[in-house]
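A.B. asks: Prediction below, plus the sequence it came from.
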Amino acid sequence: MDLIGWTRRGAARRLGCDPGAVRQMANGRRPIHPDFGAWLERLAAVHAPLSPELRQFAESMGCDRGEWVRYPRGIRPLSDEEAAALRRVADAHAAAPKPPGWVTQQGKKEGDGT
């Protein structure tokens, strides 16, 4: 979560779950579901190559929400390489906004309507 730039509370908000559940997983008091761990690792892998400056840009641009704008306002012009890296981050988040089979606070699995 550190590589992605998420706090425990921020991750819980994005996942629609109780912050205590994320805190317990992070503290080792609750097992990390394999799908959740794999999902975080995939997202962290696309964030890892970013410089601290680009991580800040990714957050302010909404890349962690799957949003992408080639010429964002309020940010210095991006090189083609920087833009491509940020696009990979946005695409990864858009492709998998939540772990497979993730259950929300309401007890409904994402994507299956149950």
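C.D. replies: That came through, no problem. Residues are numbered from 1 along each chain as shown.
A.B. asks: And the contacts of the lengthiest helix in the chain?
C.D. replies: If you go by DSSP state H, the chain has its longest helix at helix 80-95. Helix 80-95 has contacts (C-beta atoms under 8 Å, 6 or more residues apart in numbering) with 42-43, 46-47, 49-50, 54, 57-58, 61-68, 70, 78. C-beta: built from backbone N, CA, C; applies to glycine.
A.B. asks: 6 Å instead, please
C.D. replies: Identification of contacts with helix 80-95 by C-beta atoms under 6 Å, 6 or more residues apart in numbering yields 43, 46, 58, 63-64, 66, 68.
A.B. asks: could you give the mean pLDDT of that helix?
C.D. replies: For helix 80-95, mean pLDDT is 95.
A.B. asks: By neighbour count, which of the contacts of helix 80-95 wins?
C.D. replies: Neighbour counts for the contacts of helix 80-95 (other C-beta atoms under 10 Å) peak at residue 63, which has 29 neighbours.
A.B. asks: give the contact list for it.
C.D. replies: Per C-beta under 6 Å, 6+ apart, neighbours of residue 63: 86, 89-90.
A.B. asks: mind checking pLDDT for it?
C.D. replies: 93.
A.B. asks: Would you mind getting the angle between the helix or strand harbouring residue 55 and helix 80-95?
C.D. replies: Secondary structure from DSSP states H and E places residue 55 in helix 52-61. Interaxial angle of helix 52-61 relative to helix 80-95 (axes from the mean of the first three to the mean of the last three C-alpha atoms, to 10 degrees): 50 degrees.
A.B. asks: Cheers, nothing more for now.
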